[in-house]
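**Student:** pasted the sequence and its predicted model underneath.
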Amino acid sequence: MEPVNPVNQSFRMIACPHILSTEKDRIDRYVPEGGTVADHLRVLGWIPDNLNARVFIDGKYIEQAQWEYAVPCAGQSVVIRAVPMGGGGGGGQGKDALRIVAMLAVVVASVVTQQYWAIGALGMSVAMTGAIAGAAVSIVGTLAINGLIPVPLPRRPLSQPMPQRALQEAA
């Protein structure tokens, strides 16, 4: 259900704070014009510098660098949508890819080691030796990868919007 525009000097703001849901805790209201996108985010209780989101004014994407300067006008619509971010923060997407390639190399080395020790195995002791050697290569390789390419620390969750009552008091 679309809210009714009570005043002609306002714009519609839709904010979706959850990355997997467009309905959970969705904010859909008319806001008086004036103020930048960053100002309106602060009224919601969100910190623009720490926010991973996409902002659109009338369907036009607004870069995060422009949030302090973009001012929505009356009659426009502003959509704010949280987006997932990852890769170790700060654009560390390559770090995850490197970890994946390194882990695949460890798996291959483990299998090759196990097969090398088990070739020509006639008894259980040689096959067991191959299995233990493969496991040792896997464990040592994983520890080496974790030491050389640390697992990225988790990001802080997106701050939750202020309750409806606090928003009305702030406006």
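**Tutor:** Looks like it arrived, so ask away. Note that the structure is predicted; figures quoted are calculated from it, not measured.

**Student:** hang on, isn't Val55 packed against Val37?
**Tutor:** Yes - in this structure Val55 lies within contact range of Val37 using CB atoms under 8 Å: 5.6 Å. Where C-beta positions appear, they are placed from N, C-alpha and C, glycine not excepted.

**Student:** can you work out which residues contact both of the two?
**Tutor:** Common neighbours of Val55 and Val37, using CB atoms under 8 Å, 6 or more residues apart in numbering, are Ile62, Trp67, Ala70, Val78.

**Student:** Pro48 against Ala65, yeah?
**Tutor:** No - Pro48 lies out of contact with Ala65 (CB under 8 Å); the separation is 10.6 Å.

**Student:** so for the two, which residue has more residues nearby?
**Tutor:** For Pro48 versus Ala65, neighbours defined as other CB atoms under 10 Å are more numerous around Pro48 (17 against 8).

**Student:** nearest residue to the more buried one in space, please, no chain neighbours.
**Tutor:** Once flanking residues are discounted, Pro48 sits nearest to Ala38: 4.3 Å by CB to CB, 6 or more residues apart in numbering.

**Student:** now do Leu41
**Tutor:** Pro48 (4.9 Å).

**Student:** wait, Ala109 sits on Gly141?
**Tutor:** Yes - under the criterion of CB under 8 Å, Ala109 makes contact with Gly141 at 6.2 Å.
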